[in-house]
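Asker: Okay, here's the prediction I keep looking at, along with the sequence it came from:
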Amino acid sequence: MPDSRTHTAIFSSPDAVYHADRCEPLRAAARRGEVRLEAMARGGYPGRRLPAGVLREVRSVGFWDAPRNQSWGLDWHRNEGIELTYLAVGRVPFALDNKSCVLEPGDLTIARPWQRHRVGNPDVTASRLHWLILDVGVRRPDQPWRWPSWLLCPKTELARLTARLRHNERPVWRADAEIGRCFAKLGEAVARGTGATNLTRVQIYINELVIALAELLERKNPRLDESLSTTQRTVRMFLNELPQRVTEPWTLDAMAAQCGLGRSYFSHYCKQITNMSPIGYLTRCRVEAAARMLAERPGMSITEVAFACGFQSSQYFATVFRAQTGRSPRETRERGQKG
């Protein structure tokens, strides 16, 4: 489904770059009358616009009701907040990171901002799916969570809930009846519109949902892994993404900033993980990308390959490429063509 409060919502992974989801297939289906869409939203998410200053952390809340199988799904994406979805009716394919399943009625999913996920495979079936996307101020696993001030849940309970959400990333849970009732009431309120009294209802029902979620996870008592929220994990995730972002004009400062670190700390973690300096690792990623491109794209000139992989000149590219591979770019291309 469907920005950081201060940053453009663009996310990357080893195989693609993801913009915060605008739910375009769902929008189009709703315009065609194929699905009922009821939502309140901010930013690029579909639905009635939430007033400025009201429920600021709510990015999107609503539901779809598809009376028949659809010819669309929501492709891989990430969101600007934690997303809870609840399947009330139907069976829907769902995947998060490397885990895939078919959601059954009563299933609850939890996706954090750094987790890519998909609804449909590739299409969705007849279903009624509810969601809430709540911005808790994080984009990386190591950042501290900031819950909305209008939540009434005691701070101690929010701290326990935060720990269970940070240190356990199980994607699908069996919801209880209370969570189902909370989403049903939220759906009814969303359908009524953005009047002041109704927005108060929405606030109350979100409070009830958060409390119900905290109680559910308290009962389930999942095994927690504190390594999921470490700075090292954040750096590792960034380094895993870097091979697909070699065209960007990276500097040491820019890479460190992506992880919320200074140059020294970032370099320390990079050395721990890769046994290389950040610039050395970036250069290796660029050379490996260039080698693949030389083999797979014979129509591109060597200079075009160099620029496409982030090198600033073909001469420097040729020097670095030979130093790392033992062959010139031209020799690599010729060998690939013979193979």
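Answerer: Everything's here; your move. In this text, all values refer to a predicted model and were calculated from it rather than measured experimentally.

Asker: The residue most central in space within the chain and Arg116: what is the separation?
Answerer: Centroid-nearest residue in the chain: Arg78, 2.4 Å away (criterion: Cα atoms, centre = their mean). Distance of Arg78 to Arg116, computed by Cβ to Cβ, to the nearest Å: 5 Å. C-betas here are computed from N, CA, C, even on glycine.

Asker: Tell me where the model's unsure across this structure.
Answerer: Under the criterion of pLDDT under 70, the regions of the chain flagged as low confidence span 1-21, 336-339.

Asker: Domain map for it?
Answerer: Using automatic domain parsing, the domains assigned to the chain come out as 10-226, 230-338.

Asker: from the chain's centre, how far out does the shortest one sit?
Answerer: What it means is domain 230-338. 24 Å (Cα atoms, centre = their mean, to the nearest Å).

Asker: Next: stretch 176-184.
Answerer: Distance, centroid of stretch 176-184 to centroid of chain: 25 Å (Cα atoms, centre = their mean).

Asker: And that stretch, what's buried?
Answerer: 176, 179-180, 182-184 (16 or more other Cβ atoms under 10 Å).

Asker: now, which of those residues sits nearest Thr200?
Answerer: For the buried residues of stretch 176-184, the closest approach to Thr200 (Cβ to Cβ) belongs to Cys182, at 15.6 Å.

Asker: so the closest one touches Val202, yeah?
Answerer: No. With contact defined as Cβ atoms under 8 Å, Cys182 does not reach Val202; the gap is 11.3 Å.

Asker: Could you identify the longest helix within the protein?
Answerer: Looking across the chain with DSSP state H, the single longest helix is helix 196-220.

Asker: and it, what other elements does it pack with?
Answerer: strand 58-66, strand 127-134, helix 155-166, helix 177-192 (3 or more Cβ pairs under 8 Å, 6 or more residues apart in numbering; DSSP states H and E).

Asker: If you count neighbours, what's buried in that helix?
Answerer: 198-199, 201-203, 205-214, 216-217.

Asker: So what pairs up with the closest residue in space to Arg112 that isn't next to it in sequence in the strands?
Answerer: Ranked by Cβ to Cβ, 6 or more residues apart in numbering and with sequence neighbours excluded, the top spatial neighbour of Arg112 is Ile82, at 5.7 Å. Beta-bridge partners for Ile82, by DSSP bridges, are Leu134.

Asker: Contacts only, for Ile82.
Answerer: Contact analysis of Ile82 by Cβ atoms under 8 Å, 6 or more residues apart in numbering lists 110-113, 133-134, 136, 165.

Asker: nearest to Thr251, of these?
Answerer: Thr251 has its nearest neighbour among the contacts of Ile82 in Pro113, at 24.7 Å by Cβ to Cβ.

Asker: Can you give me every residue that contacts that closest one?
Answerer: 11, 78-82, 138-139 are the contacts of Pro113 under Cβ under 8 Å, 6+ apart.

Asker: go again using 7 Å as the cut-off
Answerer: With contact taken as Cβ atoms under 7 Å, 6 or more residues apart in numbering, Pro113 is in contact with 78-81, 138-139.

Asker: next one: Leu294
Answerer: 305, 329, 332-333, 336.

Asker: Could you do Arg286 as well?
Answerer: Contacts for Arg286 (Cβ under 7 Å, 6+ apart) come out as 246, 309-311.

Asker: Also Glu24?
Answerer: So Glu24 contacts nothing (Cβ under 7 Å, 6+ apart).

Asker: With secondary structure and neighbour count added, can I get the contacts of Arg286 in TSV?
Answerer: TSV is the format used below for the contacts of Arg286 (DSSP: H, G, I helix; E, B strand; the rest coil; neighbours: other Cβ atoms under 10 Å):
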residue	secondary structure	neighbour count
Val246	coil	19
Cys309	coil	21
Gly310	coil	19
Phe311	coil	23
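
Asker: tell me which of those is nearest to Leu26?
Answerer: Val246 (32.8 Å).

Asker: from memory the closest one sits against Cys309, does it?
Answerer: Yes. Here Val246 lies in contact with Cys309, judged by Cβ atoms under 7 Å, at a distance of 5.2 Å.

Asker: what touches both of the two?
Answerer: 286, 289.

Asker: Flag every buried residue along stretch 248-255.
Answerer: 250, 252, 255.

Asker: With stretch 281-298 instead?
Answerer: 281-287, 289-291, 293-294.

Asker: How about stretch 84-98?
Answerer: Under the neighbour-count rule (16+ other Cβ under 10 Å), stretch 84-98 has 84-88, 90, 92-96 buried.

Asker: I'd like to know which of those is nearest to Arg42.
Answerer: Closest to Arg42, out of all of those and judged by Cβ to Cβ, is Leu84, at 16.7 Å.

Asker: Where does that closest one sit: helix, strand or coil?
Answerer: Assigned state for Leu84: strand (three-state reduction, DSSP: H, G, I helix; E, B strand; the rest coil).

Asker: hang on, it packs against His130?
Answerer: No. When contacts are counted by Cβ under 7 Å, Leu84 is not listed as touching His130 (8.4 Å).

Asker: Touching both of these two, which residues are there?
Answerer: Common neighbours of Leu84 and His130 (Cβ under 7 Å, 6+ apart) do not exist.

Asker: neighbours around Lys271, how many?
Answerer: 14 (other Cβ atoms under 10 Å).
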